[in-house]
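Chemist: Sequence plus the predicted model coming up.
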Amino acid sequence: MKLTILMAGIAIALSPVVAQAKDQLIDVSGFGSLYYGQALDKRFQPYGFTDNYADFTHFSLVGLTFKSRISEEWDAAVQLVATGDNLYWQNFSTFMEWAYLNYQPTAVPGLSVRVGRQRYGVWTASEYMNVHHELPFRALPGPVYRITPFSSFDGISVGQNFNVGKLKGNVAVFGGAPVQDIPPTSNNTTTLTTTAVERHDLLGVKASIDGDGWRARIQASETTAIRTTTTETVSGSNIQTTVSKIQAHQQIFTAGYRFDKYNIVSWAEYAYLISNDGTQATYNTYHKFAAAGYALLGYRIGDWMPRLSFAGSNVSNGISLGNVQSYIAGVNYAIRPDITIKADYEYSNVGLWRGSNMPGTLQSGQTDGVGKALYIGVDFLF
């Protein structure tokens, strides 16, 4: 509750700053989500839960986006997000989602060149993943979101808009260094083993096409993952150190669509990940194989939108193997254009999981389980 009050206070305090900045050379906009989550089963809690107590931290966030027009052809953008669920970090933290320069030459209409930190465009909503107000669901389903190892990269992307009759399209290539929030992990014994992960050499392409009330897109990319294991064995006053590295090239392919017309809202996406390295990999490194997808169907009735979602994933990283499915029944209510209340009931099922890479919180020794959870909160813009 303290976190909710704090974040609401931050949003209120920043409102006059945002309003004043909008009259200046810098355009500032804000967004946030305040959610209460409650796991209903002790045997298994879905993503984001570690127990059955009320949780306000993991499902809440607040962010600011700064944009500035430098010249006719150049502009800059920065986005800061403070959240309790920064993938692998377990505490409330602030990070820079993107910070880039954008070049749009007047001589080549539709061309855009971005340099700096930017979103990894795996999903349809990657560019505004944390602006939950713009999403038809509360958040991208956990079984799908969690298979992508990072969300931003430092590098360059080149995109070109085009028209085909009444259709509008975009093709972009991108590359750089992934930004990965995976800290080293270790055990505290006389034999100290520390495992760290680095990712390099991101290269990819994405394409989308827009029609009247719909969009379809595809994406393909590759990264190099390097897992370094350092072992220190203490024997009296002697310390023996050994270092081993495993490298793999991982490809990620995604395809999806969204439809919003005739009061019908439908989103669906599918992701396929594969690594060319057959060596067993530990948690937080790279998947040997993974497939995941989701589908959402909603119907607008005035300011209300009831919706149903399904999400599922199958994962193998060499020593962990299993699958998880989530079924979500929810409803959105738009109080006004910039404020939407959302409520969810989630039913998750884990099937015969083997290994330590748990899709949530299973009790020790469990390999499967069913979990349920409730969420209610508000998404807002300011």
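Modeler: Yes, it's here. Numbers count the residues shown, from 1 in each chain.

Chemist: buried stuff in the lengthiest strand in the chain?
Modeler: Identified as the longest strand of the chain according to DSSP state E is strand 238-261. For strand 238-261, a neighbour-count test (16 or more other Cβ atoms under 10 Å) marks 246, 248, 250, 252-256, 258-259 as buried. Any C-beta I mention is one placed from the backbone N, CA and C, and that applies to glycine too.

Chemist: any idea how far residue 51 is from residue 213?
Modeler: 43 Å (Cβ to Cβ, to the nearest Å).

Chemist: What strands line up against whatever helix or strand residue 76 lives in, and which way round?
Modeler: Using DSSP states H and E, residue 76 maps to strand 74-83. Applying DSSP bridges to the sheet, strand 74-83 is found paired with strand 61-69 (antiparallel), strand 93-103 (antiparallel).

Chemist: Which pLDDT value goes with residue 76?
Modeler: Reading off the confidence values, residue 76 has pLDDT 96.

Chemist: in terms of contact, does it touch residue 100 like I think?
Modeler: Yes - the pair residue 76 and residue 100 passes the contact test of Cβ atoms under 8 Å, sitting 7.2 Å apart.

Chemist: picking up where we left off before, just give me the least confident of the buried residues of strand 238-261.
Modeler: Lowest pLDDT among those: residue 246, with 74.

Chemist: Beta-bridge partners for that residue, please?
Modeler: Residue 246 has these beta-bridge partners by DSSP bridges: residue 227.

Chemist: just to revisit the earlier point, check which helices and strands the longest strand of the chain sits against.
Modeler: strand 214-235, strand 264-275 (3 or more Cβ pairs under 8 Å, 6 or more residues apart in numbering; DSSP states H and E).

Chemist: and those strands, which one's lowest on average pLDDT?
Modeler: Lowest mean pLDDT of those: strand 214-235, a mean of 84.

Chemist: which parts of that strand are buried?
Modeler: For strand 214-235, by 16+ other Cβ under 10 Å, it's 215-217, 219, 221, 223-225, 227, 230.

Chemist: What of stretch 267-278?
Modeler: Those buried within stretch 267-278 under the rule 16+ other Cβ under 10 Å are 267-269, 271-273, 275, 277.

Chemist: May I see those residues organised as JSON lines, with distance to residue 314 added?
Modeler: As requested, those are exported to JSON lines (distance: Cβ to Cβ, whole Å):
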{"residue": "267", "distance to residue 314": "21"}
{"residue": "268", "distance to residue 314": "17"}
{"residue": "269", "distance to residue 314": "15"}
{"residue": "271", "distance to residue 314": "11"}
{"residue": "272", "distance to residue 314": "10"}
{"residue": "273", "distance to residue 314": "10"}
{"residue": "275", "distance to residue 314": "15"}
{"residue": "277", "distance to residue 314": "19"}
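
Chemist: For the spatially most central residue of the chain, grab phi and psi.
Modeler: Centroid-nearest residue in the chain, with Cα atoms, centre = their mean: residue 145, separated by 5.2 Å. Residue 145 adopts backbone torsions of phi -60, psi -40, taken as degrees, to the nearest 10.

Chemist: 22 is where my numbering starts, stick with that
Modeler: Yep, numbering from 22; the last one is residue 166 now.

Chemist: which residues touch it?
Modeler: Counting by Cβ atoms under 8 Å, 6 or more residues apart in numbering, residue 166 touches residue 160.

Chemist: what's the spacing between it and residue 284?
Modeler: For residue 166 relative to residue 284 (Cβ to Cβ), the value is 27 Å.

Chemist: Need the helices and strands packed on strand 259-282 in CSV (columns: distance to residue 390).
Modeler: Formatted as CSV, these follow (distance: least, Cβ to Cβ, whole Å):
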stretch, distance to residue 390
strand 235-256, 29
strand 285-296, 24
